[in-house]
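[1] curious how this folds, go ahead:
(chains A and B)
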Amino acid sequence: LPQALVLTAIVIGFGMTAYLAMLALRALSESGADHVDAHREP
Amino acid sequence: MNAHAPILPMLIPFAAALLQMACGRLAFQRVIGLRPRAAGPGHRLADLLADDGQLRVYALGNWPAPFGIVLVVDRLAAAMTLLTAVLGFLVLLYASTGFDEERIHFHPLFQLQLLGLLGAFLTGDLFNLFVFFEVMLLASYTLLAHGGGLARTRAGISYVVLNLVGSALFLIALGCSTARWALSTWPMWHIVLTLPGYDRALARLAFALLIAVFALKAGLLPLSFWLPHTYSAAGAPVAALFAIMTKVGIVAILRVQVIALAPAMPDLLDTG
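    Below you'll find the predicted structure:
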């Protein structure tokens, strides 16, 4: 049963990380910067 | 039919999501989402409980508790299921006035989010709570970004990172807890913590981490910093649905800390 737990956790973690990477790329392409707050560059 | 009532609130949104993904026509998706008696399964659960007041335990595929997925319907779960279904229906009604036209995936994601929410309310053990948390969160990430725009994408990134950290902590807490106590006595929420030979320090760590994680998800005061930023960026219907997502954290605190760990609490808090 611990194996099942770890496997599920790996799969879920992988999916979430992939989604995060896509989201970060999208933000980068939209704004041209990797800031996540509303801070404006000079 | 009544014997399988606990699984229906989750199966129906799942089937609806699959149907909506198979057919991308907006009108069809709306009809599936706003199906008549959308709150029916939750209502049936509440009815069943009102009839005899018995807890209902449902083991998926009739697998025994430590190996299979177990659903438990108590009053809290039935009330939250009904609430989610009603809220989901109203939100979807509002979203169908035009919010859903921007992307074709709004409706399936909405149903999957409902599935995650209901699963988190109905599940009978900690690990499945984690799984349904993730189902719910994955749908919410994409719903949050629905409609596009830089503000939403940015809010989405901080939200995703925060929840990834939260999930990792949840997993660590699960590891600490299952290693010692929950595995041998996994039955529902009445985890008997005081098995002979359990590690008190490890159990304390798990207990503290679980509180921290659920408080983060619930947006309780010291950990609510992410909430205004995220909810203000989300579209109105999405934010309305997210309102019940924080309640999952509160229900989880009630379940784990107040019900499941209650017998062991004096021992855990004993500093001697």
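
[2] what sits up against the helix or strand encompassing residue B:20?
    Using DSSP states H and E, residue B:20 falls within helix B:8-22. With CB atoms under 8 Å, 6 or more residues apart in numbering or on different chains as the test, helix B:8-22 has contacts from B:28-29, B:32-33, B:35, B:41-42, B:44-45, B:81, B:85, B:105, B:107-109, B:111-112, B:114-115, B:118-119, B:122. Every C-beta, even on glycine, is put in place using the N, C-alpha and C of the backbone.

[3] and if you look at stretch B:238-252?
    With CB under 8 Å, 6+ apart, stretch B:238-252 has contacts from B:76, B:80, B:83-84, B:87-88, B:90-91, B:94, B:110, B:113, B:117, B:120-121, B:129, B:133, B:136, B:140, B:143-144, B:146, B:214-220, B:227, B:230-232, B:234.

[4] list only buried entries from those.
    B:80, B:83-84, B:87-88, B:91, B:110, B:113, B:117, B:120-121, B:129, B:133, B:136, B:140, B:143-144, B:146, B:214-220, B:230-231, B:234 (16 or more other CB atoms under 10 Å in any protein chain shown).

[5] which of these come close to chain A?
    Cross-checking the buried ones among the contacts of stretch B:238-252 against chain A (CB under 8 Å from any CB of the partner chain) gives no overlapping residues.

[6] can you list which of those are found in helices?
    Using DSSP state H, the members of these that fall in helices are B:80, B:83-84, B:87-88, B:91, B:110, B:113, B:117, B:120-121, B:129, B:133, B:136, B:140, B:143-144, B:214-218, B:230-231.

[7] pLDDT score assigned to the nearest residue to residue B:146 once chain neighbours are set aside?
    Closest residue to residue B:146 apart from its sequence neighbours, by CB to CB, 6 or more residues apart in numbering or on different chains: residue B:106 at 5.7 Å. Residue B:106 is assigned 86 on the pLDDT scale.

[8] who touches residue B:106 in this structure?
    The neighbours of residue B:106, taking CB under 8 Å, 6+ apart as the test, are B:29, B:95, B:99, B:100, B:143, B:146.

[9] just those now: which is nearest residue B:170?
    Distance to residue B:170 across the contacts of residue B:106 (CB to CB) is lowest for residue B:143, with 20.8 Å.

[10] so what's the residue count around the spatially closest residue to the closest one that is not a sequence neighbour?
    Once flanking residues are discounted, residue B:143 sits nearest to residue B:238: 4.8 Å by CB to CB, 6+ apart. Close neighbours of residue B:238, defined as other CB atoms under 10 Å in any protein chain shown, add up to 25.

[11] how about residue B:233?
    Residues near residue B:233, counting by other CB under 10 Å, number 22.

[12] what helix or strand is the residue lying closest to it once chain neighbours are set aside on?
    Among residues not flanking residue B:233 along the chain, residue B:155 sits closest, at 3.5 Å (CB to CB, 6+ apart). Here residue B:155, judged by DSSP H and E, is contained in helix B:150-177.

[13] what average pLDDT does that helix get?
    84.

[14] helices or strands up against that helix?
    helix A:2-31, helix B:126-144, helix B:200-218, helix B:226-233 (3 or more CB pairs under 8 Å, 6 or more residues apart in numbering or on different chains; DSSP states H and E).

[15] out of the ones you listed, which is closest to residue B:6?
    Shortest separation from residue B:6 across the helices and strands packed on helix B:150-177 is recorded for helix B:126-144, at 13.0 Å, computed as CB to CB.
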